[in-house]
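Colleague: Turn this into a structure:
(one chain, ligands or ions: 1)
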Amino acid sequence: MIKNVAIACDHGGYELKLDVIRHLEEKGIAYEDFGCNSTESVDYPDYGIPAAKAVAEGKFDAAILICGTGIGMSLCANKVKGIRAAVCSDTFCARMTRAHNNANVLCMGARVIGLGVALDIVDAFLGTEFEGGRHATRVEKVMAEEKADR
Ligand code: RB5
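Modeller: Sure, this is the predicted structure:
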């Protein structure tokens, strides 16, 4: 079970982030908000990368990153060493990316999914454990690419 999260957004994800924060508070899950703090236009890497780095540094179990599509946030988070970020628009993928990919960053697109689905995705992601076993071997192969000398 993921117990503490970094959360960040850009302007496209700001409103949904407020709802997700309320949801985390109701569930008693600790979080730190890495911004942004309004719907004024900003650049998603300025918020997604610091939150992802905080996860990579071990300060949080996971991050939740929200932009218009979730894609920009996932691109920048996956550039941070140690991060496995997944864009999820349904609960099946949210469960599977924890169980099989050991994802440590959940990205969502506020212009893609509605509030109810988003909160269910958060619950599915935070509540699912990595299965390990053969999936650990595969994740190790993915992460070995960070050290590849090409
Ligand atoms: C902002 O307009 C939008 O590009 C951003 O929120 C995100 O969807 C990028 O991937």
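
Colleague: Now do the phi/psi pair for Met108.
Modeller: Backbone torsions of Met108, given as degrees, to the nearest 10, read phi -130, psi 150.

Colleague: burial count for it?
Modeller: 29 (other CB atoms under 10 Å). Placement of C-beta: from N, CA and C, glycine included.

Colleague: Please report the distance of it from Glu57.
Modeller: Look at Met108 and Glu57: by CB to CB, to the nearest Å, they are 23 Å apart.

Colleague: And Asn104, by the same measure?
Modeller: Distance from Asn104 to Glu57, by CB to CB: 12 Å.

Colleague: Same check on Thr97?
Modeller: Following CB to CB, the distance that separates Thr97 from Glu57 is 21 Å.

Colleague: higher neighbour count, those two?
Modeller: Each of Thr97 and Glu57 has its neighbours counted (other CB under 10 Å); Thr97 has more, 23 against 10.

Colleague: Tell me which helix or strand the more buried one sits in.
Modeller: Thr97 belongs to helix 91-99 when assigned by DSSP states H and E.

Colleague: next one: His135
Modeller: helix 134-144.

Colleague: residues of that helix that come out buried?
Modeller: For helix 134-144, burial by neighbour count (16 or more other CB atoms under 10 Å) applies to Val139.
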